[in-house]
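Enquirer: Here's my sequence, what's the structure:
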Amino acid sequence: MSYSGERILLNSQRESQVARFRAWVLFAVPLAAILFQVYVPHFFPFLGFLELPLLVVVYFALMRRGPVGGLLIGALVGLAQDSLSKNLLGMYGIVDTMVGYFAASVGVRLDVDHSFLRLLMAFVFYFFHQSLYWVLSRALLSQQLEFELQRTLVMGLLNAVVGVALYHFLDKLREQA
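Expert: The predicted model follows:
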């Protein structure tokens, strides 16, 4: 059985190709997402729930469909996010690296061009991101953070809805084959 024959939910050869982006897109979109998360909640506190850097990592990892690429995207975005936030350097780096790796691994197996799957992936990876951050904070930093399951689920759903809209916009920035 060929490698592409093992993929689930792929309808055509076009869907199994790795998405290509211009270099400026791979630089500008994560930077804009990080700056949005750092500065916009100061002016509009109701937007503080958005995890745009996470959504961008998930999108690029799913679309690039390579675990190593997803790992690198997650690591770079996570460390940049750490350097601009009040958190200790490395926490978002570790968590976003793991999210990027697993998202890219899922992208290898699933057709991620469907809106429902994108919604599901954004929700699952938001929950995974928050859970892993909580575990690492307790294990590495000995911080006693509270994990509110109901709040995390609601925020995950809100981020997933925003993620689907963001992913449709980012699809327009893909290079056509």
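Enquirer: For residue 105, give me its contacts.
Expert: Each residue near residue 105 by CB atoms under 8 Å, 6 or more residues apart in numbering is listed here: 67, 70. (Glycine included, C-beta is placed from N, CA and C.)
Enquirer: what about it, helix or strand, and which?
Expert: helix 91-109 (DSSP states H and E).
Enquirer: Quick check: buried residues in that helix?
Expert: 91-108 (16 or more other CB atoms under 10 Å).
Enquirer: One more: stretch 120-140?
Expert: Result for stretch 120-140 [16+ other CB under 10 Å]: buried residues 121-130, 132-134, 136-137.
Enquirer: Out of those, flag the one nearest to residue 162.
Expert: residue 122 (8.2 Å; CB to CB).
Enquirer: right, and the closest one touches residue 155 too?
Expert: No: under the contact definition of CB atoms under 8 Å, residue 122 does not touch residue 155, with a separation of 11.5 Å.
Enquirer: Stretch 155-168: how far from the chain's middle?
Expert: Distance of stretch 155-168 from the chain centroid (CA atoms, centre = their mean, to the nearest Å) equals 11 Å.
Enquirer: Name the residues of that stretch that are buried.
Expert: 155, 156, 159, 160, 162, 163, 164, 166, 167.
Enquirer: ok, and what's touching it?
Expert: Counting by CB under 8 Å, 6+ apart, 49-52, 54-56, 58-59, 115, 118-120, 122-123, 126-127, 130 sit against stretch 155-168.
Enquirer: Let me see the contact set for the most centrally placed residue in the chain.
Expert: With distances taken as CA atoms, centre = their mean, the residue of the chain nearest its centroid is residue 58 (2.5 Å). Neighbouring residues of residue 58 by CB under 8 Å, 6+ apart: 99, 100, 103, 121, 122, 125, 163.
Enquirer: Many thanks, have a good one.
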